[in-house]
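[1] from the sequence below, what's the structure:
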Amino acid sequence: MIAIIGLLIALLLPAIQAAREAARRAECSSKLRQLAIALHNYHDAFESFPSSQSGIDSPGIDWTAGQHERKRVSGFVGLLPFIEMQALYDAIYDAQLHYKNGSTWEGFRTPATDSGTAGQYFQGVYNINISTLLCPSDPNFEPPLGYQGRNNYVFCQGDFPGRGDTHPNGCGSNPRAAFVTWKWFNIASVTDGTSNSIALSERCIDPGNGNKYAYAIIQGGNIISGWGAGGTSNANPSASGAQPTPTGNFKPSTCFNLRGSKGNLIVPSGASVGHRSGRRWLSGEPIYGCFNTMTPPNSPICISGTGTSDAGFIPPSSYHSGGVNASLFDGSVKFIAESINSGAGTTTDGLGLCIRAGQSNFGIWGAAGSINGEEAAQLP
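    I've put the predicted structure just below:
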């Protein structure tokens, strides 16, 4: 009798687990839909979508001094009033606008041990977890005490390797997405159609204790070194001069092939592994708040240097089996399989990755990421 009960339990457990994951996946999908609605409410109020990265810019103050988020807060900050978090928005605005330590703007990343005004901002703003930005399928959404709030949702930056305005060298400004650095686009810019273009998707939170390829980040090394992060704003990609020549290894297939057979990340010689993914909802840097559609979902993340603003391949990822949820500009949500037709096998490298106009080089996945490629392909 006991053996029969044990057998029944063994048969039922997988079904129960599958049902629970289906419920969690549905909740993740619902949250993406909420964020898509918030985007449209924002657009109704301001006649544009939020920038993926912006913030207070105070002339004459060294923004590189100390730890803060001046000039790089995420687009989720602008959405806060539209997800019933006006008070948090006001606190962030106040911290951005008013807090200084002498001549240095410190914002809300000062030490948590600070008992003064800065410490209050840190604890009250930066460390907050926002439930709307968290997927219950991810086991790592609860940060350790004193750490920044997590996020599982990220903005689409199209089939383009840079973060927006100046990256990478030679590419110039990103013309392929509605969410870029320090720029605001309206719905009229989505000329491929709101039902064909991705606005948001998911990102695994890296717990920092392993090298799973769906969330760990390959930084530098032989894989994609040679493409600096700096550049001239709006530079012509064909311009000659001081622009460095990107390495031939900087291509989607090289990064894609770093997937190990057991979900592990193959770390090439000279490279390091970063643990930043999903760890800072308030930051608009690509590693924290964005993704691109040059390699399929749940592929490795590869960036060209060690900084959060460096160019690279930054796909979305999730703990859902086989793919990720994504919301389109029309507010609908689709499940995108990691087997989607993409640029995983492309040998395109260097400045050939900097698509300025026309159809994507990265299949249906790249076409869905770009907002103005005039592609006929639609998501399955």
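
[2] count the neighbours of Glu374 for me.
    11 (other CB atoms under 10 Å). Backbone N, C-alpha and C define where each C-beta goes, glycine included.

[3] ok, it to Gly363 distance?
    According to CB to CB, to the nearest Å, Glu374 stands 15 Å off from Gly363.

[4] same deal with Asp330?
    Counting by CB to CB, the gap from Asp330 to Gly363 is 21 Å.

[5] ok, His320 next?
    Distance from His320 to Gly363, by CB to CB: 21 Å.

[6] specify the local secondary structure of the closest residue to Asp330 other than its chain neighbours.
    Once flanking residues are discounted, Asp330 sits nearest to Thr194: 4.0 Å by CB to CB, 6 or more residues apart in numbering. On the three-state scheme (DSSP: H, G, I helix; E, B strand; the rest coil), Thr194 is labelled coil.

[7] same deal with Cys28?
    helix.

[8] doesn't Gly323 make contact with it?
    No - between Cys28 and Gly323 there is no contact under CB atoms under 8 Å: 11.7 Å.

[9] those two: who's more crowded?
    Neighbours were counted for Cys28 and for Gly323 using other CB under 10 Å; Cys28 has more, 25 against 21.

[10] against Glu202, how distant is that one?
    Using CB to CB, we find Cys28 at a distance of 7 Å from Glu202.

[11] shared neighbours, these two?
    135, 152, 318, 320, 325 (CB atoms under 8 Å, 6 or more residues apart in numbering).

[12] quick one: list the elements packing against the one helix or strand the last one maps to.
    Read that as Asn325. Counting by DSSP states H and E, the element that carries Asn325 is strand 323-328. Contacts defined by 3 or more CB pairs under 8 Å, 6 or more residues apart in numbering; DSSP states H and E place strand 323-328 against helix 2-46, strand 198-202, strand 333-337.

[13] what sits against Ser318?
    Ser318 sits next to 28, 135, 137-138, 152, 202-204, 214, 297-298, 324-325 when contact means CB under 8 Å, 6+ apart.

[14] what's the answer for Glu84, then?
    With CB under 8 Å, 6+ apart, Glu84 has no contacts at all.

[15] now the strand holding Asn325 - C-alpha only, PDB.
    The C-alpha trace of strand 323-328 is given here as PDB (Å, rounded to 0.1, in the frame of the first residue of the first chain):
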ATOM      1  CA  GLY A 323      11.800  30.500 -24.300                       C
ATOM      2  CA  VAL A 324      10.600  33.900 -22.900                       C
ATOM      3  CA  ASN A 325       7.500  36.000 -22.700                       C
ATOM      4  CA  ALA A 326       7.600  39.300 -24.700                       C
ATOM      5  CA  SER A 327       5.100  42.100 -24.900                       C
ATOM      6  CA  LEU A 328       4.500  43.900 -28.200                       C
END
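
[16] and the angle from that strand to strand 333-337?
    Angle of strand 323-328 versus strand 333-337, following axes from the mean of the first three to the mean of the last three CA atoms, to 10 degrees, is 140 degrees.

[17] tell me the mean pLDDT over strand 323-328?
    Mean per-residue pLDDT for strand 323-328: 96.

[18] name every strand pairing with that strand and say which way it goes.
    Note on strand 323-328: by DSSP bridges, its sheet partners are strand 198-202 (antiparallel), strand 333-337 (antiparallel).

[19] which one, of those strands, ends up nearest to Asn264?
    Ranking the strands paired with strand 323-328 by their distance to Asn264 (criterion: CB to CB) puts strand 198-202 first, at 20.6 Å.

[20] worst mean pLDDT among the helices and strands packed on strand 323-328?
    helix 2-46 (a mean of 79).

[21] give me the pLDDT value at the residue nearest to Asp330.
    94.

[22] so that it lines up with my notes, have the first residue be 41 from now on.
    Yes, from this point I'll number from 41; that puts the last item at Thr234.

[23] so it touches Ile227, yeah?
    Yes - using CB under 8 Å, Thr234 makes contact with Ile227 at a distance of 6.9 Å.

[24] so what sits against both of the two?
    Counting by CB under 8 Å, 6+ apart, the residues touching both Thr234 and Ile227 are Phe369.

[25] keeping just the C-alphas, turn stretch 167-177 into PDB.
    C-alpha atoms of stretch 167-177 as PDB (Å, rounded to 0.1, in the frame of the first residue of the first chain):
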ATOM      1  CA  ASN A 167      16.800  48.800  -2.400                       C
ATOM      2  CA  ILE A 168      13.000  48.600  -3.100                       C
ATOM      3  CA  ASN A 169      11.800  45.500  -4.900                       C
ATOM      4  CA  ILE A 170       8.800  46.300  -7.200                       C
ATOM      5  CA  SER A 171       6.500  43.400  -7.500                       C
ATOM      6  CA  THR A 172       5.400  44.400 -11.000                       C
ATOM      7  CA  LEU A 173       9.000  44.000 -12.200                       C
ATOM      8  CA  LEU A 174       9.500  40.500 -10.800                       C
ATOM      9  CA  CYS A 175       8.600  37.100 -12.300                       C
ATOM     10  CA  PRO A 176       7.600  34.400  -9.800                       C
ATOM     11  CA  SER A 177       9.300  31.700 -11.900                       C
END
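
[26] next one: the residue nearest to Ala366 when sequence neighbours are not counted from Ile343, what distance?
    Computed as CB to CB, 6+ apart, the closest residue to Ala366 that is not its neighbour in sequence is Ser241, at 4.2 Å. For Ser241, the distance to Ile343 (CB to CB) stands at 18 Å.

[27] next: Ser229.
    Here Ser229 is placed at a distance of 27 Å from Ile343 (CB to CB).
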